[in-house]
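*Asks:* dropping the sequence and predicted coords here.
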Amino acid sequence: MNLLIAEDSDGDRMILATLLRRLGHHVYEASDGLKAVSVFVKFEPDIVLMDALMPTMSGMEAARRIKTLAGTRFVPVIFITALASEREQAQCLEAGGDDFLLKPYSRVILEAKINAYSRMLNLQRSVMQQRDQIRMQNEQMLADQRLARRVFDNVAHTGCLDAPNIRYHASPLSIFNGDVLFAAERPGGGTLIFMGDFTGHGLPAAIGAMPIAEVFYGMTAKGFGATDLLTEINQKLCNILPVGMFCCGALLEADGKQGTIGVWNGGLPDGWLVRKSGERLAIPSLHLPLGVQSLERFDATMELLTSAPGDYVVLMTDGFPESCDAHGKRLGEDLVRQVLAELGPGDHPFDVLLARLQAFTGHPDPADDMTLCCLEVVAQGAIKEVTESAPESALSGPGSWHCVYEVRDQALADFNPLPLLLHICMEVPGLRRRSGEVFTLLSELYSNALEHGVLKLSSEWKKSAEGFSLYYEERMRRLYDTHGHYIRFTLDHEPLAEAGRLRIRCEDSGQGFDPKVNTTSVPTNSVHEYSGRGMGILKRLAKEVSICGSGNCVEIVYDWEFPAQGATNR
């Protein structure tokens with residue numbers, strides 16, 4: 001090792017240096033404390049042997065400066081002294097000394113001390129190397145997580161979480177966490193919100209977030225319903241997650257047009273419907289978490305609740321009721337229930353719950369992954385579309401094409417062709433920005449062909465709430481007898497200058513109807529009117545609407561234009 005001897009006595013310094021060199025060490029010498037500090041700065045020796053009493057600068061002062069210069073590096077300072085009193089030895093230790101070597105020198109003791117400190121230095125170097133390696137690995141892991149988070153955020157974009165009627169708060173335990181929250185508007189109207197909580201924390205708990213985001217936003221954009229979404233998410237998680245890992249989740253579907261709220265809760269704490277009238281309705285977990293049950297056993301049945309503008313729906317992960325105060329006491333679901341019961345007129349459930357949580361825990365963010373979301377029910381069309389679209393494909397898509405698609409027999413009961421038809425239309429870049437209107441056109445045409453053409457249901461039944469219920473009961477019964485029937489879509493698209501034209505022809509195998517009798521009803525905005533809206537919607541959105549043949553074929557022409565330069569996507 002490299003050793004520094006600071007001794008003002010030339011004879012003592014020569015004897016000690018000779019002993020150390022014979023032991024195989026490299027020795028630097030200094031005759032006073034000031035020189036000792038200078039030599040230490042220049043050569044950075046491993047061990048310093050320091051005389052306590054020296055001219056110019058005492059050994060104690062030199063020891064203090066050397067310890068300061070060494071910083072986090074361990075440099076043993078051994079005082080060589082004839083001082084025998086305990087008080088003087090204590091002063092040496094307080095000055096930064098680690099040991100003593102009493103004069104006259106003992107070769108055996110000297111060698112033993114040097115060897116002991118050599119082992120300590122090797123151990124300290126090993127610990128420092130491991131510390132540096134761990135720090136580098138941790139920095140690399142955080143950098144990788146931040147990069148992965150950027151990629152994830154681009155896939156799992158905010159959707160319509162920024163809508164003015166949606167409030168949410170997320171407190172992740174790490175850069176990646178087990179809580180996920182997605183929101184999107186359906187092409188035909190309505191809002192879908194998914195909240196999930198994977199087992200565990202950090203990156204392992206977020207493994208399933210990416211496929212869920214792709215399924216949620218991809219299927220919602222294609223017009224799939226809530227039950228299809230749940231079924232696909234459950235199957236996807238069953239395929240990729242190991243045994244023992246799952247996702248407690250809740251899916252909320254708000255339909256302002258129908259005034260309904262559909263909710264599915266599988267393993268999350270109670271959600272709440274807070275009505276404007278003051279009524280509080282719990283939304284308990286009635287299902288197992290996602291990723292647990294096989295396709296055959298999975299139940300995607302939604303609980304349907306009536307709603308009105310001004311109502312609120314509250315969802316939360318278990319991190320909210322399990323948040324603890326300074327004494328380790330949990331907030332609990334009973335306190336959540338109490339807070340909601342004490343809401344006053346004009347109180348927003350989100351603000352009150354979050355304020356109560358922060359007051360209970362004493363700090364803004366809890367110690368666990370926690371997500372709270374509140375949706376305010378608004379009337380259809382009360383809020384402008386705010387859906388944040390995912391990045392569009394780089395593929396240009398076809399401009400001029402013709403497609404014929406026919407659904408027949410039992411497929412009419414088991415299969416919904418609308419997402420597939422919408423996907424075909426969305427291959428045209430300009431139509432991607434009109435997905436809501438195109439889906440509405442396809443949906444109204446298909447519903448009219450299936451319910452009135454194939455199933456021969458009468459719109460007159462939907463003149464009342466009771467008849468509306470009877471209408472859908474009869475619809476379910478008649479779907480079992482669709483043999484020999486079909487619905488055929490013929491789609492044509494042609495590009496125009498800075499625009500395009502989509503022609504949709506929908507034909508069914510039904511008996512048809514007399515247009516003069518069945519198209520005279522005018523759509524009404526009354527909330528009590530359940531029928532007569534379909535044809536009015538088609539006429540408002542399409543340039544042309546024609547009823548062909550015996551009335552079992554409807555053809556529409558839909559013209560679209562590219563948005564003006566500088567216009568937003570919203």
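*Replies:* Good, I have the coordinates.
*Asks:* give me the distance between stretch 409-428 and the centre of its chain.
*Replies:* Computed by Cα atoms, centre = their mean, to the nearest Å, the chain-centroid distance of stretch 409-428 equals 30 Å.
*Asks:* stretch 185-200 now?
*Replies:* 11 Å.
*Asks:* how long is it end to end?
*Replies:* 30 Å (Cα to Cα, to the nearest Å).
*Asks:* give the buried residues for it.
*Replies:* Within stretch 185-200, the residues that count as buried by 16 or more other Cβ atoms under 10 Å are 185-199. To be clear about C-beta, it is placed using only N, CA and C from the backbone, and glycine gets the same treatment.
*Asks:* model confidence over it, on average?
*Replies:* Stretch 185-200 carries an average pLDDT of 87.
*Asks:* same deal with stretch 375-385?
*Replies:* Across stretch 375-385, the average pLDDT comes to 72.
*Asks:* same check, this time on stretch 308-323
*Replies:* Mean predicted lDDT for stretch 308-323 stands at 92.
*Asks:* so for this structure, the centremost residue is which one?
*Replies:* By Cα atoms, centre = their mean, the chain has its centre lying nearest to residue 180, at 3.6 Å.
*Asks:* beta partners of that residue?
*Replies:* residue 196 (DSSP bridges).
*Asks:* return the residues in contact with it.
*Replies:* Each residue near residue 180 by Cβ atoms under 8 Å, 6 or more residues apart in numbering is listed here: 156, 194, 195, 196, 197, 198, 206, 209, 212, 213.
*Asks:* inside strands: which ones of those?
*Replies:* 194, 195, 196, 197, 198 (DSSP state E).
*Asks:* closest one of these to residue 228?
*Replies:* Nearest to residue 228 among those is residue 194, at 13.0 Å by Cβ to Cβ.
*Asks:* ok, that closest one - contacts?
*Replies:* Residues near residue 194 by Cβ under 8 Å, 6+ apart: 180, 181, 182, 183, 212, 216, 229, 233, 249, 250, 251, 252.
*Asks:* give me the element the fourth one is part of.
*Replies:* Using DSSP states H and E, residue 183 maps to strand 179-185.
*Asks:* could you break the chain into its assigned domains?
*Replies:* 2-125, 156-376, 401-561 (automatic domain parsing).
*Asks:* now the end-to-end length of the first one.
*Replies:* The one in question is domain 2-125. 15 Å.
*Asks:* on that earlier part again, quick one, which of the domains of the chain is nearest to residue 142?
*Replies:* Of all the domains of the chain, domain 156-376 comes closest under Cβ to Cβ, at 6.9 Å.
*Asks:* out of the contacts of residue 194, who's the most crowded?
*Replies:* residue 249 (28 neighbours; other Cβ atoms under 10 Å).
*Asks:* and the helix or strand where that one lies, what does it pack against?
*Replies:* Assigned by DSSP H and E, residue 249 falls within strand 247-255. Packing partners of strand 247-255 (3 or more Cβ pairs under 8 Å, 6 or more residues apart in numbering; DSSP states H and E): strand 191-198, helix 226-240, strand 260-266, strand 312-316.
*Asks:* please save the CA atoms from stretch 33-40 in CSV.
*Replies:* Extracted C-alpha coordinates of stretch 33-40, given in CSV (Å, rounded to 0.1, in the frame of the first residue of the first chain):
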residue,chain,number,x,y,z
GLY,A,33,1.5,18.7,9.6
LEU,A,34,1.3,21.3,6.7
LYS,A,35,3.6,19.2,4.5
ALA,A,36,1.6,16.1,5.4
VAL,A,37,-1.6,17.7,4.0
SER,A,38,0.3,18.8,0.9
VAL,A,39,1.7,15.3,0.3
PHE,A,40,-1.8,13.8,0.9
